[in-house]
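**Student:** Starting from these lines, generate the structure:
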Amino acid sequence: MDIELKNQVVLITGGAGGIGAAISKAFSEGGAKVAITYHSDKAAADALADDLSKAGSDVMVLAYNMGEPAQAASAVDEVMAKWGRLDVLVANAVNWPILSSEHQNLVDVEWQEWSRLININLYGTAAMLQQAARQMLKQEYGRIVVMSTEVAINGRAGATAYSTAKAAIHGLVASLRWELGPHNVLINFVSPGFNMTPKNLQRFPDVLRERIAAQAPTGRLSVPEDVAPTVLYLASKANRHITGEFISVSGGAN
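**Tutor:** Residues are numbered from 1 along each chain as shown. You can find the predicted model right below:
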């Protein structure tokens, strides 16, 4: 089966590190034109873009702050100016809680921090979906993959802001599938579960990772390269009629 990525124009938010980098590489290897956004680590984005360019890919790097909704329009405008269309959006970027409040319950957390996480993760994602959808509706074609988490469904103590934002995005996508579907624009979720990204390796102790891995039928945690093929399929022309779905790539743990 040919998933037909050659010359497809793809925008990947947070596409320079971890799961985002694996997705960027996979699209690039498939012949797509890839726009990678970064928030703070420009060096990592430039280094990845340089590697992909040397391998023969057409790549661009864009600054993007989820906390500034107007920047979603700017990012999409830059992609349109360079390539004239937008076929795929992978909404991968998120803003994690700061470590000092990550495990605070709602009754304890500072309201300003709670609201900040809601504003960035919900409104920032919604702004990017809005801008991408506008272009895709004009084209009568598009594929959107939103990276999600099992926390949106099952919750987690101390993660009320993050889980609330993610759950709200599920409601947003539930409506968007109806608005976009008649125009051959399909939108789906991919949840990577607890993934062995460099940041997660730093943030969580071995004992926790081992306990989570033991709960998976496969006996291991996912790595970024496990997630990318699922994203590619849903974002490709091979996906003819899947929309509004939540697909977990967690080895059966979620």
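
**Student:** Work out which residue lies at the spatial centre of the protein.
**Tutor:** What sits nearest the mean C-alpha location of the chain, by CA atoms, centre = their mean, is residue 92, with 1.6 Å.

**Student:** Residue 105 versus that residue, what's the distance?
**Tutor:** From residue 92 over to residue 105 the distance is 28 Å, taken as CB to CB, to the nearest Å. The way it works is simple: take the backbone N, C-alpha and C, and place the C-beta from them, glycine included.

**Student:** one step back: the residue nearest to the centre of the chain: what's it in contact with?
**Tutor:** 12-15, 19-20, 23, 147 (CB atoms under 8 Å, 6 or more residues apart in numbering).

**Student:** export those to a markdown table and tack on secondary structure?
**Tutor:** Formatted as a markdown table, those follow (DSSP: H, G, I helix; E, B strand; the rest coil):
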| residue | secondary structure |
| --- | --- |
| 12 | strand |
| 13 | coil |
| 14 | coil |
| 15 | coil |
| 19 | helix |
| 20 | helix |
| 23 | helix |
| 147 | strand |
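
**Student:** what about the longest helix in the chain?
**Tutor:** For the chain, the longest helix by residue count, based on DSSP state H, is helix 160-180.

**Student:** neighbouring contacts of that helix?
**Tutor:** Contacts of helix 160-180 (CB under 8 Å, 6+ apart): 96-97, 105-106, 109, 113-115, 117-118, 120-122, 125-126, 129, 133, 136-137, 142, 144, 146, 148-149, 151-153, 155-156, 186-187, 189, 243-244, 246.

**Student:** could you pull out the helices for the stretch 101-250 of the chain?
**Tutor:** 111-118, 124-139, 151-154, 160-180, 198-203, 206-214, 224-234 (DSSP state H, counting those that start in this stretch).

**Student:** wait, which of these is closest to residue 75?
**Tutor:** Distance to residue 75, taken as CB to CB, is lowest for helix 124-139 among the helices of the stretch 101-250 of the chain, at 7.5 Å.

**Student:** for the closest one, which positions count as buried?
**Tutor:** Using 16 or more other CB atoms under 10 Å as the test for burial, helix 124-139 gives 124-129, 131-133, 135-137.

**Student:** now, which of these sits nearest residue 69?
**Tutor:** For the buried residues of helix 124-139, the closest approach to residue 69 (CB to CB) belongs to residue 127, at 3.7 Å.

**Student:** Good, we can wrap up now.
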